[in-house]
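Enquirer: Would you be able to build a 3D model of this:
(2 chains)
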2 protein chains.
Amino acid sequence: MQNFDFYNPTRIVFGKGKVAELDKLVPANARVLVLIGGQSARHNGTLDEALSALGERYVELFEGIEPNPRYETLVKAVAQVKKGKLDFLLAIGGGSVIDGTKFVAAAACQDNDAWEILLTRGSDVKEAVPYGTILTLPATGSEMNDGSVITREEEKAKLHFSSEHVFPRFSILDPTKSYTLPKRQLANGVVDAFTHTVEQYLTYPVGAMVQDRFAEGLLSTLVEIGPKLLQNPRDYELQANFMWSASLALNGLIGAGVPQDWATHMIGHEITALYGLDHAQTLAVILPNMLSVRRDSKREKLLQYAERIWNIESGTEEERIEAAIRKTREFFESLGMKTRLSEYQIGADAIAGLINKLESHHMVTLGEHRDVDLQVSRKVLEASI
Amino acid sequence: MQNFDFYNPTRIVFGKGKVAELDKLVPANARVLVLIGGQSARHNGTLDEALSALGERYVELFEGIEPNPRYETLVKAVAQVKKGKLDFLLAIGGGSVIDGTKFVAAAACQDNDAWEILLTRGSDVKEAVPYGTILTLPATGSEMNDGSVITREEEKAKLHFSSEHVFPRFSILDPTKSYTLPKRQLANGVVDAFTHTVEQYLTYPVGAMVQDRFAEGLLSTLVEIGPKLLQNPRDYELQANFMWSASLALNGLIGAGVPQDWATHMIGHEITALYGLDHAQTLAVILPNMLSVRRDSKREKLLQYAERIWNIESGTEEERIEAAIRKTREFFESLGMKTRLSEYQIGADAIAGLINKLESHHMVTLGEHRDVDLQVSRKVLEASI
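Expert: Predicted coordinates for the structure are as follows:
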């Protein structure tokens, strides 16, 4: 097991009807900015429920945080916070709204160019406006971590920052809030949580038995519930296990003390930035090919994954690895996800541009061994067409 | 899955050599009380290491917190904190020292009779002196939770309190610190962590797949490493997995959203209070008999436990349950634990006194169904002789 620090002070308030607890979670004298994405928080009634629970508090609203939240949008929210002297933020939505709110929370406390937060990956964040979240779309784990990914449209850049100052004070996880999600978003969420877990699990063994068992528990749960969830989105137990799995997949716990990969994510970010695919759509395409191209350096963990997640115990090592990768791809496809770039009308001519973007964002030594250079990334992309 | 709140702000600083990080974890101007138990923190060098890392800070020492920490001892530490205007506590030890420090942290902030903290189970704790811990004996999970068990000698009472104000600010978990523990303490620790997990897992199913998988991951890990650890106490990987398992077994995570039992613990506390057995010694005696007596109400989870922890898949339900309970007992015995009260020279004549103590402490509706009345407890004790 590697040395690690683990710290996660976010309070999780989990269950049906928990939005009503906002009143005791938000300071009584808070001046609140509620941040939402499109119309779903309005249509499914969560916004009204939240406003009602906030009672007499002074509340302003900021709407329109888009999927892959944009810097250009968020700086307007920052201005609103400063102008209104607002001192508490409440994000209602999925990972995009919450990621965006993290940026607003940090940027509202500083006078410098807010883009610096991204360029310094959050290392210069010294404080943030406190905030809570109401999760409506399980996927990214943003509701229980301190990371955020922001897109700057004019630069076609999608960059990550993290800071302990931007952990949510609380997150309300009510599984009934995702009953009305479109299948595409549910499928995206399952793939996202699954891939988050794989990025922290499927590297090389370091004797971290506890972390491995926990990661395997999340993967098995997602495999078990994923397809059922798409068929029965109003099944409370399925939604509850999905929601809690997605949070635990990226709250720091399973990644503490083990090597981490994240190459799939980094390549995926460039595809989203250039071609607008949903984040999880990029993961479903890239992950199986990433595992395939890097099967030698991931051999031991691939065999463990084959056995413990897919019950593959017969065949040569190569056959078991091949079968595990095929099962992974089939799992994504069983959720209705595409696993080829060509299915999105992206062909081999796109590769050069994607590689250029990786290079310009210094993504030239990715992966748990830092050996995913541009040549390896190119191989993965070629296999993904 | 049941509704739940989960909150755990303790920072875990894990790995060999991490005591040196005390300097950045403790405020630079802190006036520190270091609390230790017997001589082990001195003998194994951890005390010196800590004092050296604390550098120029003002430091006082309080020694002599005993196993099953006593109110009578701890009030002296409370007086020392108040007299010296000390504002940070550092516990070096195992669950007893840390539990004791929690009480000191809370009691030092109030003027009332400190015993009230126990009588009100912590509900009147409104603040506490901040503190950190250096864990030297993995077992109780106290280093990453907000609970504490204190014994009052004159009343032969062992009572529990909890409060969010007494989470450690940080806990340093250096697996090399338990290299020199006696086998008895290592075995106790494994049994304690195992039983903590069982108390939160082996109840009745509520569709909490994630929690079940995590609990099973901890149980499997403890079964796998327990006997090896006793043979190889200087194996870093074994100690690291043991230490992290023990923390995760009682940090709130696996118990969030599921029913909990704790009847074994409550009966065990009375045995310790009256006869002085180590905490884990009482668990090793009571748990198998508790499972046996309550096999009907725990049937589904016992079958799940039999299959997933002990790979018992053939036989009638009754046979599988019987086999799982036997395996549990054999596991404890493989660690050198006794599993009968008579092996401690405690006979059937002790039962009436233990039942009286349970009654006087209002322990008359224990367990996940609150149906473990004095008659059930008596049956468990009779089976345990």
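Enquirer: elements contacting the helix or strand where residue A:247 lies?
Expert: Per DSSP states H and E, residue A:247 falls inside helix A:236-249. In terms of contacts (3 or more CB pairs under 8 Å, 6 or more residues apart in numbering or on different chains; DSSP states H and E), helix A:236-249 is packed against strand A:11-14, strand A:170-173, helix A:183-201, helix A:209-231, helix B:209-231. The way it works is simple: take the backbone N, C-alpha and C, and place the C-beta from them, glycine included.
Enquirer: try 7 Å
Expert: With contacts defined as 3 or more CB pairs under 7 Å, 6 or more residues apart in numbering or on different chains; DSSP states H and E, the packing partners of helix A:236-249 are helix A:183-201, helix A:209-231, helix B:209-231.
Enquirer: nearest to residue B:75, of those helices?
Expert: Closest approach to residue B:75 among the helices and strands packed on helix A:236-249 (CB to CB): helix B:209-231, 35.5 Å.
Enquirer: Near residue A:28, how many residues? Count them for me, please.
Expert: Per other CB atoms under 10 Å in any protein chain shown, the neighbour tally for residue A:28 reads 9.
Enquirer: Ignoring the adjacent residues along the chain, who's closest to it?
Expert: In space, and not counting its chain neighbours, residue A:28 is closest to residue A:57: 7.4 Å by CB to CB, 6 or more residues apart in numbering or on different chains.
Enquirer: same thing with residue A:285?
Expert: residue A:384 (5.1 Å).
Enquirer: And the one you found, how far from chain B?
Expert: To chain B, residue A:384 is 31 Å away according to CB to the nearest CB, to the nearest Å.
Enquirer: Residue A:10 now?
Expert: Residue A:10 is 8 Å from chain B, by CB to the nearest CB.
Enquirer: and the residue nearest to the spatial centre of chain A, what is it in contact with?
Expert: Among the residues of chain A, the one closest to the centroid is residue A:140, at 2.5 Å (CA atoms, centre = their mean). Contacts for residue A:140 (CB atoms under 7 Å, 6 or more residues apart in numbering or on different chains) come out as A:94-95, A:192, A:250.
Enquirer: Tell me the one among those nearest to chain B.
Expert: Chain B has its nearest neighbour among the contacts of residue A:140 in residue A:250, at 13.7 Å by CB to the nearest CB.
Enquirer: contacting residues for the nearest residue to that closest one once chain neighbours are set aside?
Expert: Among residues not flanking residue A:250 along the chain, residue A:141 sits closest, at 2.9 Å (CB to CB, 6+ apart). Listed by CB under 7 Å, 6+ apart, the contact set of residue A:141 reads A:196, A:246-247, A:249-251.
Enquirer: Chain B contacts on the stretch 201-350 of chain A?
Expert: Within the stretch 201-350 of chain A, the positions near chain B by CB under 7 Å from any CB of the partner chain are A:207, A:209-210, A:213-214, A:217-218, A:220-221, A:224, A:237, A:240-241, A:244-245, A:248, A:257.
Enquirer: and of the helices and strands packed on helix A:236-249, who's closest to residue B:119?
Expert: helix B:209-231 (31.6 Å).
Enquirer: hmm, back to that, assign the residue nearest to the centre of chain A to helix, strand or coil.
Expert: State at residue A:140, reduced to three classes by DSSP: H, G, I helix; E, B strand; the rest coil: coil.
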